[in-house]
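# Here's a sequence, model it:
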Amino acid sequence: MSKPLLITLLPSSGVDTSRWVLAHYDYAYTERPHAPIFHVLALKSWGLTKDQYPGLVVDGKVAAYGSKGITLHLDPQMPEEKRLMPEDEAGQAKVLEMANYAGNIVGGAVVNWSYWNLLKYKSVVWSSVTTSVPWYEKLTLRVAFPLIRWAMYKGLELDQTVADEALKTIYEGFDKIDALLADGRTYMYGDRLTYADLITAACLGPMILAQGYHGMLPNHALCPVFMQKVYTELRQRPTGLYIQRMYDLHRPAQLLQV
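Below you'll find the model as predicted:
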């Protein structure tokens, strides 16, 4: 049987959560990364919609998609010490609640703020959108980057007002998680690593340019000064320290498996 495939939008934090989940499970796979917009066509070829990524393809069929779907699909198959979901229903519900807030609410704001600001600078995001993608996608982005940027802005309904509101949501998210961590806990839920930790670290990781993130985050020194200030501030907060600690302690060394 062929090795499972992971169909991805290269820089996505949701995708990097899935990479982390699979690495934690020691699950062998090959990644097929795509640049923004092109990932929609790749997903469609597997019967998935533009939001159903990454897609995990096993034996020629989509087995699961999205970091939540992949986790819930594979977790029961893992030995107890590798599982990322609590055994009890109440614990599972709490972990998924935390994951939804970090991944969808705050993580969605991270996407909006980051894309609105960073896509204005082709040289800053180039490696994030082109590393290991098919040659024709890279060539298209080289000559049509402004059009791709316009399509992303339009698809995500981004403008300065949306970006400003997103940054407020990000700060509110850091405030909330700072408060949660104030009791001295090591992990988001319970006394061991769960899916809530992985998705929180991955989806908020771009706001501190986390070391160990595998989606090719931009170089801090190349980012606009106002963004550098935000990154530096958030990196020093309890949530920022927690995020980097999760990467340092629990992110396996992993190259892009293309």
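# Surely Val162 touches Asn112?
Yes: with contact defined as C-beta atoms under 8 Å, Val162 and Asn112 form a contacting pair (5.6 Å). All C-beta spots, glycine's among them, are computed from the backbone N, C-alpha and C.
# neighbour-wise, which of these two wins?
Asn112 (22 against 15; other C-beta atoms under 10 Å).
# what's the closest non-adjacent residue to the more buried one?
Ala166 (4.0 Å; C-beta to C-beta, 6 or more residues apart in numbering).
# go on, Met85?
Nearest non-adjacent residue to Met85, counting by C-beta to C-beta, 6+ apart: Asp75, 4.9 Å away.
# And that neighbour, how far from Arg83?
Asp75 sits 5 Å away from Arg83 when distances are taken as C-beta to C-beta, to the nearest Å.
# Can you pick out the residue with more neighbours from the two?
Neighbours around Asp75 and Arg83, counted as other C-beta under 10 Å, are more numerous at Arg83. The numbers are 20 against 16.
# Now do the contacts for that one.
With contacts defined as C-beta atoms under 8 Å, 6 or more residues apart in numbering, Arg83 is in contact with 75-76.
# Roughly how far does it sit from Phe174?
From Arg83 across to Phe174, the span is 28 Å (C-beta to C-beta).
# One more: Ile70?
26 Å.
# Equivalent analysis for Trp150, please.
31 Å.
# Give me the more crowded residue out of the two.
A direct count of neighbours by other C-beta under 10 Å for Trp150 and Phe174 places Phe174 higher, at 21 against 12.
# On the three-state scheme, the more buried one is what?
helix (DSSP: H, G, I helix; E, B strand; the rest coil).
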